[in-house]
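J.: what shape does this take:
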Amino acid sequence: MASNDPRSPHHRGIKRKRKVKILATLGPASNSREVIAKLIRAGADAFRVNMSHGEHETHAEAIATVRAVEKELARPVAILCDLQGPKLRVGKFEGGQAFIRHGAHFTLDRNPEPGDDTRVELPHPELFGILEKGQRLLIDDGKLRLKVIRAEPDSLLCTAEVGGAISDRKGVNVPDTLVPVPALTEKDRRDLAFAIREGADWIGLSFVQRPEDVAEARRLMGGYGSLMAKIEKPSAVSSLDEIIELSDGIMVARGDLGVELNPEEVPPLQKRIIERVRNAGKPVVVATQMLESMIERPTPTRAEVSDVANAVYDGADAVMLSAETAAGDWPVEAVTIMDRIAAQVETDETYGERIHLAQTPPDATTADALSQACASIADTLPIEGIIIFTGSGITARRVARERPSAPMLVLTPSTTTARRAALLWGAHAVLTRDIGSFEEMIAKGKRMALRHGFGGAGSRLIALAGVPFGVPGSTNLLHVVTLSGNELERHRGD
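T.: Numbers count the residues shown, from 1 in each chain. All right, here's what the predicted structure looks like:
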């Protein structure tokens, strides 16, 4: 019997033992060809390019390196270019810093002179027209908390609910109101054009507050790439369903979300977002501070391990590493640990029950009905894999929504589809020529299953495709096949 072990001489490429995906951020610690190859082998399925840091030349080199390693390892890899978005910041201080006493008054104004312990410039005139008495301003990721007690056209008199040290250009969050600034700055527009030119598979859109922000980004993308809206503002949560509908995927960006909401509100919100995005049949990524202690240490805290595990139990498509792989001392170890956590969770006998707590009722379409049937058959029979023939990737997303117990072998003639599937739960994408008949579908499905470690002699597989073949959106065919000993012997002789 052929081995399912990726180390088997009859297995080709890298096949994960888990279904949730890992998105790793590139940076100074991980931009080299050697480290990128190690990260993929350790478990990274996709890479994030953070447009907040670095120059286009550096990013272009990193993207080219990923593509070279992708070709070398024969495994489609997704690249997500994450736009910075507008940044609200205070001005500068005399001597570079000041100290705001707890309970003291502090003024934010439009005076460009250096600030002190009593005032500083807020160089965002649009905020003076919208902030009112009782609303909050959170500075330096919420370390300082101010509350407006008097709002005037050119100044905001605040009281320091939480004081402390403050320095030049610290960030400001305004959680209690919709900020009248677009999600895309001029820098973001340049970065977006760069990402499209470089062939990024995903665009991460920051500072999303309204559905209109997503619509504007889609217009600028012109049909190229997939759009992942980052949910990091409370205002976006109130329009979540509309934002999901306009996006190709969603990122639960818990950094700013955790600043602008009470900490205890974030975990249940994370679960609700994952459930809604999954119900829409789109990938959802959980991000920020997942293994943060591994920036400096080779092992995570128990709390961080539990955090990653809970995201996997929640049914997220992917979990993300930020500074851990971009600038940390242990990038490969961080990916390795995350891979081990995810794999361990998925072997838990309660995992299948937990990820199916969310209801995913199918739409009244043949494709949705067959996708649900795939999951049902995989739960009833010992199925080694679900072979999906797709050009657009839509069928793979529909099946992934059901979180079937068997992994998906996604066969596609589209490089774009194969790469985007790198962030899709349970999908192992392979580039191959399209099929033209039912007989070819069965023969190729069996051959590719053996080649990529999806079973051996006697293994049963589900094949899902559309007739007529090669027509997007025509999924209407489900077939259960069994691999024979003769096919295994022929494969060994290839």
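
J.: and for residue 218, the neighbour number?
T.: Look at residue 218: counted by other Cβ atoms under 10 Å, it has 17 neighbours. For the C-beta atoms, the positions are set from N, CA and C on the backbone; glycine is no exception.

J.: in the protein, what helix or strand scores lowest on average pLDDT?
T.: Least confident element among the helices and strands of the chain, by mean pLDDT, DSSP states H and E: helix 485-493 (a mean of 60).

J.: all strands of the stretch 51-200 of the chain, in order?
T.: In the stretch 51-200 of the chain, strands defined by DSSP state E, counting those that start in this stretch lie at 78-82, 97-100, 105-109, 119-121, 136-139, 144-152, 155-162, 164-167, 172-173, listed in chain order.

J.: which non-adjacent residue is nearest residue 301?
T.: Nearest non-adjacent residue to residue 301, counting by Cβ to Cβ, 6 or more residues apart in numbering: residue 293, 5.2 Å away.

J.: need the residues that contact stretch 58-77.
T.: The contact list for stretch 58-77, computed with Cβ atoms under 8 Å, 6 or more residues apart in numbering, reads 12-14, 26, 31-33, 36-37, 40-41, 44-47, 49, 51, 79, 81, 194, 198-200, 415, 418-419, 421-422, 429-431.

J.: please identify the deepest-packed of the strands of the stretch 51-200 of the chain.
T.: Neighbour counts (mean count of other Cβ atoms under 10 Å) averaged over each of those peak at strand 78-82, with a mean of 26.

J.: now find how far off-centre that one is within its chain.
T.: Here the centre of strand 78-82 is set off from its chain's centre by 9 Å, with Cα atoms, centre = their mean, to the nearest Å.

J.: for that strand, list the C-alpha coordinates in PDB.
T.: The C-alpha trace of strand 78-82 is given here as PDB (Å, rounded to 0.1, in the frame of the first residue of the first chain):
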ATOM      1  CA  ALA A  78      -0.300  32.800  -1.700                       C
ATOM      2  CA  ILE A  79       1.100  36.400  -1.300                       C
ATOM      3  CA  LEU A  80      -0.900  39.000   0.600                       C
ATOM      4  CA  CYS A  81       0.100  42.600   0.300                       C
ATOM      5  CA  ASP A  82      -1.300  44.300   3.400                       C
END
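
J.: and residue 219, which of the strands of the stretch 51-200 of the chain is closest to it?
T.: Residue 219 lies closest to strand 78-82 among these, at 17.3 Å (Cβ to Cβ).

J.: re earlier: in a strand, the residue nearest to residue 301, correct?
T.: No - looking at residue 293 with DSSP: H, G, I helix; E, B strand; the rest coil, it is helix, so not inside a strand.

J.: which ones are touching it?
T.: 299-301, 304.

J.: how about a cut-off of 7 Å?
T.: Contacts of residue 293 were listed using Cβ atoms under 7 Å, 6 or more residues apart in numbering, and they are 300-301, 304.

J.: do residue 25 as well
T.: Contacts of residue 25 (Cβ under 7 Å, 6+ apart): 48, 50, 321-322, 325-326.

J.: so what's the residue count around the closest residue to residue 35 other than its chain neighbours?
T.: Once flanking residues are discounted, residue 35 sits nearest to residue 331: 6.4 Å by Cβ to Cβ, 6+ apart. By other Cβ under 10 Å, 28 other residues sit near residue 331.

J.: per-domain residue ranges of this structure.
T.: Split into domains by automatic domain parsing, the chain comes to 21-85+182-350, 94-173, 366-493.

J.: OK, contacts around residue 39?
T.: Residues near residue 39 by Cβ under 7 Å, 6+ apart: 24, 30, 325, 331-332, 335.

J.: returning to that earlier point: so which of the strands of the stretch 51-200 of the chain gets nearest residue 379?
T.: strand 78-82 (28.4 Å).

J.: tell me the strands beside the closest one, with direction?
T.: strand 46-50 (parallel), strand 202-205 (parallel) (DSSP bridges).

J.: need the winner for burial among those strands.
T.: strand 202-205 (a mean of 27).

J.: contacts for that one?
T.: Outside strand 202-205, the residues that touch it by Cβ under 7 Å, 6+ apart are 78, 80-83, 183, 192, 195, 213-214, 217, 221, 225-230, 249, 251.

J.: centre of the chain to stretch 66-86, how far?
T.: Chain-centre distance of stretch 66-86: 13 Å, with Cα atoms, centre = their mean.

J.: now that stretch: buried residues?
T.: By neighbour count on 16 or more other Cβ atoms under 10 Å, the buried set for stretch 66-86 is 66, 69-70, 75-85.
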